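A.B. asks: Task: produce atomic coordinates for the following.
(chains A and B)
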Amino acid sequence: MIEFRGVTKRFPDGTVAVDALDLTVDAGKITVFVGPSGCGKTTSLRMINRMIDPSDGVISVDGRDIMSVDAADLRRGIGYVIQQAGLFPHRTILDNIATVPMLLGWDKAKARKRSAELMEIVGLVPEMAKRYPAQLSGGQQQRVGVARALAADPPVLLMDEPFSAVDPVVRESLQEELLRLQSELGKTIVFVTHDIDEAVKLGDKVAVFRTGGILAQYDDPGHLLARPADDFVDGFVGRDRGYRGLGFLSSAELPLGELPTVTVGDPAPTGDDAAWTLVLDADRQPQGWLQGSGDGPRVTAEHLVPGGSLYDVSSGSLRSALDAALSSPSGKGVAIDADGAFAGSISADDVLTALARVRSAEAAA
Amino acid sequence: MTWVLGNLELIGDLTLEHLVFALPPVVIGLLLAIPLGWLANRTRTGRTIVINLAGLLYTVPSLALFVILPAVLGTGILDSINVIIALTVYTLALLVRTVADALSAVPGTVIDSATAMGYRPVRRFLAVELPLSIPVVLAGVRVAAVSSISLVTVGSVIGFGGLGKMFTDGFQRDIPQEIIAGIVLVLVIALVVDGLLLLLGRALTPWTKARAGAR
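C.D. replies: A predicted model of the protein is given here:
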């Protein structure tokens, strides 16, 4: 657990980067600091490992005032990932990852073994061990950066806009990877970004900062989207927040409906030429849609109308349910179970009814 | 050619002497330039002072320095330590700036991340900043080495040894072959030393080759 109590940072030129910050970062969770540039989010992060010392106030990690610990020792116990990875260009990938273990005095063989383990954990092939950072792509370098931060297994991880320099596709996969890692490791992660979408995607809790280093709202992402504290947060959270907010509402009570289905190889359906039939394979996994009876006596997997997004009932949100309904050519969303097999159908109306129910339940609570 | 073949032993001795005069100053100068360059790189004022002093030193004519040094140091006029010190001063003057520039060219993000990993300043300097400054520093060392090798010859004008003796002796006794052989040998030594330094640099910086082949 990391606590900020009345923390202020004033720079020599008089700028106040962080103004009387009170905030508790929960242990084992991802907390995202987000805000426009000049809002003090990075300064706040860098005060945790004493890259910047506060002018006023107390920061404690697990109950211990960080100013009472030697700065270098403190830093060796806190993982740190920065923008563009900040790897050492003159060291191989393996040695980059082994940096903190070597500083802690592990023997070389043990540090290298740990490095190799971490390469696997973050999804880097062993052949990269002997390469230098310049020989890797931006996304791969960022993975090395994460591995290096995790090498000595620190309980706390600080990440300063780690994914901002990679292209959107790579960024998305790195985000997924981070969430997967976190579900296994349960670190206390403080993550700085200027991208609100990244913040609500990754954060268990999100702290929105405004210019001048003032904490505007500190909340879980669902609440942040549903109830911004003020106009600044509302403006910063941005458009589509109503729709994005659905992503944080459970779809557990969403009723599933029926759908006409047919399995590949079965005789083609007869009757109404405008009717939609969902085509499944032998494992009951959706393959696409058929309108009318198709172009042959039997249903094949070819020439089907592609389906929309699928809604997974085991892990879905109202957002994925609504998207499944809206993106389906037939207007009926396709729900699947954890194995990917067809589970039922959903309509947009059902999602909105469920939303109304959640809202009235919240209002009553 | 006949003069050369008849004086191989003398040439060998002079070559060796030349190297003993020329190379230790490069090593000593480099070792002194590293802490000074580090100091220069710390603050803006430090940089201005150190760089200007070094520039000033380099403008002192070499012949004058050879003559002044014995008076300043209290050494004998033909003591070979004078040559070593004079050339060390030149190497130092040349390399302080190079070292300061090389250190300031190390990317800020790399130094920052080293600090955040838990490096203390001295270890960070030795393990991160210094290795990363090798390519630029080595380019400076190559210039300093070649310049030192050529400057040793100036010392022979006032009587020091080294291959420069072949110029003065050849001139006084009118043996053109000796002069030409001296020039060629100085050039060859300079080229060989330069080449060896180049190879040394490649061996010390395997990552720069990796970068060139990256994309």
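A.B. asks: need the contact list for A:Y80.
C.D. replies: Counting by CB atoms under 8 Å, 6 or more residues apart in numbering or on different chains, A:Y80 touches A:49, A:149, A:157-160, B:113, B:116-117. Just so you know, the C-beta spots here come from the backbone N, C-alpha and C atoms, and that holds for glycine as well.
A.B. asks: can you put the residues you listed in a markdown table and add distance to B:A145?
C.D. replies: Listed next are those as a markdown table, based on distance: CB to CB, whole Å:
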| residue | distance to B:A145 |
| --- | --- |
| A:N49 | 43 |
| A:A149 | 42 |
| A:L157 | 47 |
| A:L158 | 45 |
| A:M159 | 46 |
| A:D160 | 43 |
| B:S113 | 34 |
| B:A116 | 38 |
| B:M117 | 35 |
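A.B. asks: Return the subset of those residues lying in strands.
C.D. replies: Counted as lying in strands by DSSP state E, out of these, are A:157-160.
A.B. asks: Look at stretch A:114-130 and report the distance between its end residues.
C.D. replies: Stretch A:114-130 has its terminal residues 15 Å apart, counting by CA to CA, to the nearest Å.
A.B. asks: With stretch A:54-74 instead?
C.D. replies: 15 Å.
A.B. asks: Can you point out the buried residues in that stretch?
C.D. replies: By neighbour count, with 16 or more other CB atoms under 10 Å in any protein chain shown as the criterion, the buried positions of stretch A:54-74 are A:54, A:57, A:59-61, A:66, A:71-72, A:74.
A.B. asks: same check, this time on stretch B:66-83
C.D. replies: Buried-residue list, stretch B:66-83, by 16+ other CB under 10 Å: B:66, B:69, B:80, B:82-83.
A.B. asks: Would you mind writing the CA trace of it as CSV?
C.D. replies: Taking Å, rounded to 0.1, in the frame of the first residue of the first chain, the C-alpha atoms of stretch B:66-83 are listed here in CSV:
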residue,chain,number,x,y,z
PHE,B,66,59.4,21.6,-24.2
VAL,B,67,61.7,24.6,-23.4
ILE,B,68,59.5,26.1,-20.5
LEU,B,69,58.8,22.8,-18.7
PRO,B,70,62.2,22.2,-17.2
ALA,B,71,62.2,25.7,-15.7
VAL,B,72,58.7,25.1,-14.3
LEU,B,73,59.2,21.6,-13.1
GLY,B,74,62.9,22.0,-12.1
THR,B,75,63.9,19.0,-14.2
GLY,B,76,67.0,18.8,-16.4
ILE,B,77,66.6,20.4,-19.9
LEU,B,78,67.1,17.0,-21.6
ASP,B,79,65.2,14.9,-19.1
SER,B,80,62.8,12.7,-21.0
ILE,B,81,60.1,13.3,-18.4
ASN,B,82,59.7,16.7,-20.0
VAL,B,83,58.5,15.2,-23.2
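A.B. asks: Can you name every helix or strand that the helix ranked longest in chain B contacts?
C.D. replies: Secondary structure of chain B read by DSSP state H shows that its longest helix is helix B:8-42. Where contact means 3 or more CB pairs under 8 Å, 6 or more residues apart in numbering or on different chains; DSSP states H and E, helix B:8-42 is packed against helix B:44-59, helix B:81-104, helix B:130-155, helix B:164-172, helix B:176-204.
A.B. asks: Who are the packing partners of the third one?
C.D. replies: Same thing as helix B:130-155. Looks like helix B:130-155 contacts helix B:8-42, helix B:62-73, helix B:81-104, helix B:164-172, helix B:176-204 (3+ CB pairs under 8 Å, 6+ apart).
A.B. asks: what are the ranges of the helices in the stretch 201-350 of chain A?
C.D. replies: Secondary structure of the stretch 201-350 of chain A (DSSP state H, counting those that start in this stretch): helices at A:221-226, A:231-237, A:241-245, A:318-327, A:348-364.
A.B. asks: Contacts for the third one next, please.
C.D. replies: Applying CB under 8 Å, 6+ apart, the contact partners of helix A:241-245 are A:197, A:200, A:222, A:225-226, A:228, A:234, A:319, A:322.
A.B. asks: Buried only: go through the residues you listed for me.
C.D. replies: A:200, A:222, A:225-226, A:228, A:319, A:322.
A.B. asks: tell me the two of those residues that are most distant?
C.D. replies: The distance between the two most remote of the buried ones among the contacts of helix A:241-245 (CB to CB) is 21.0 Å, for A:P228 and A:L322.
A.B. asks: closest one to A:D295 among the helices and strands packed on helix B:130-155?
C.D. replies: helix B:176-204 (67.1 Å).
A.B. asks: That closest one relative to helix B:164-172, how many degrees between them?
C.D. replies: 160 degrees (axes from the mean of the first three to the mean of the last three CA atoms, to 10 degrees).
A.B. asks: A:G257: what's it in contact with?
C.D. replies: Taking CB under 8 Å, 6+ apart as the test, what A:G257 contacts is A:332, A:344-347, A:350.
A.B. asks: Most neighbours among those residues, please name it.
C.D. replies: Using other CB atoms under 10 Å in any protein chain shown as the neighbour criterion, A:I346 leads the contacts of A:G257 with 28 neighbours.
A.B. asks: Around chain B, which positions in chain A sit nearby?
C.D. replies: Contact residues (CB under 8 Å from any CB of the partner chain) of chain A with chain B: A:49, A:51, A:72-76, A:80, A:82-91, A:99-100, A:103, A:131-132, A:134-135, A:148.
A.B. asks: In helices, which of those appear?
C.D. replies: Filtering those for helices - DSSP H - leaves A:72-76, A:99-100, A:103, A:148.
A.B. asks: Would you reformat these as TSV and include pLDDT?
C.D. replies: Formatted as TSV, these follow (pLDDT from 0 to 100):
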residue	pLDDT
A:A72	94
A:D73	94
A:L74	94
A:R75	95
A:R76	94
A:T99	94
A:V100	94
A:L103	94
A:R148	94
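A.B. asks: Quick check: A:A348 touching A:L322?
C.D. replies: Yes. Between A:A348 and A:L322 there is a contact under CB atoms under 8 Å: 6.1 Å.
A.B. asks: Output the contacting helices and strands for the strand or helix carrying A:R171.
C.D. replies: For A:R171, the enclosing helix or strand under DSSP states H and E is helix A:168-185. In terms of contacts (3+ CB pairs under 8 Å, 6+ apart), helix A:168-185 is packed against helix A:138-150, helix A:196-202.
A.B. asks: Can you give the contact residues for it?
C.D. replies: Counting by CB under 8 Å, 6+ apart, A:30, A:121-123, A:137-139, A:142-143, A:146, A:150, A:162-164, A:166, A:189, A:198, A:201-202 sit against helix A:168-185.
A.B. asks: picking up where we left off before, closest to A:T300 among the contacts of A:Y80?
C.D. replies: Using CB to CB as the measure, the one of the contacts of A:Y80 that approaches A:T300 most closely is A:M159, at 48.6 Å.
A.B. asks: ok, back up a step: just put the buried residues of stretch B:66-83 in CSV and tack on distance to A:E258 and pLDDT.
C.D. replies: Formatted as CSV, the buried residues of stretch B:66-83 follow (distance: CB to CB, whole Å; pLDDT from 0 to 100):
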residue, distance to A:E258, pLDDT
B:F66, 103, 79
B:L69, 102, 82
B:S80, 103, 78
B:N82, 103, 82
B:V83, 100, 83
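A.B. asks: would CSV of those with distance to B:L5 be doable?
C.D. replies: Converted to CSV, the buried residues of stretch B:66-83 look like this (distance: CB to CB, whole Å):
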residue, distance to B:L5
B:F66, 32
B:L69, 37
B:S80, 29
B:N82, 33
B:V83, 29
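A.B. asks: tell me the contacts of the residue in the stretch 251-365 of chain A that chain B sits nearest to?
C.D. replies: Nearest to chain B in the stretch 251-365 of chain A, going by CB to the nearest CB, is A:S315, at a distance of 35.5 Å. Contacts for A:S315 (CB under 8 Å, 6+ apart) come out as A:A338.
A.B. asks: Kindly provide the distance from it to A:R46.
C.D. replies: Note on A:S315: its distance to A:R46, by CB to CB, to the nearest Å, is 35 Å.
A.B. asks: same check, this time on A:E258
C.D. replies: 56 Å.
A.B. asks: Low-confidence ranges, the stretch 1-150 of chain A, go.
C.D. replies: In the prediction, the stretch 1-150 of chain A carries no residues with pLDDT under 70.
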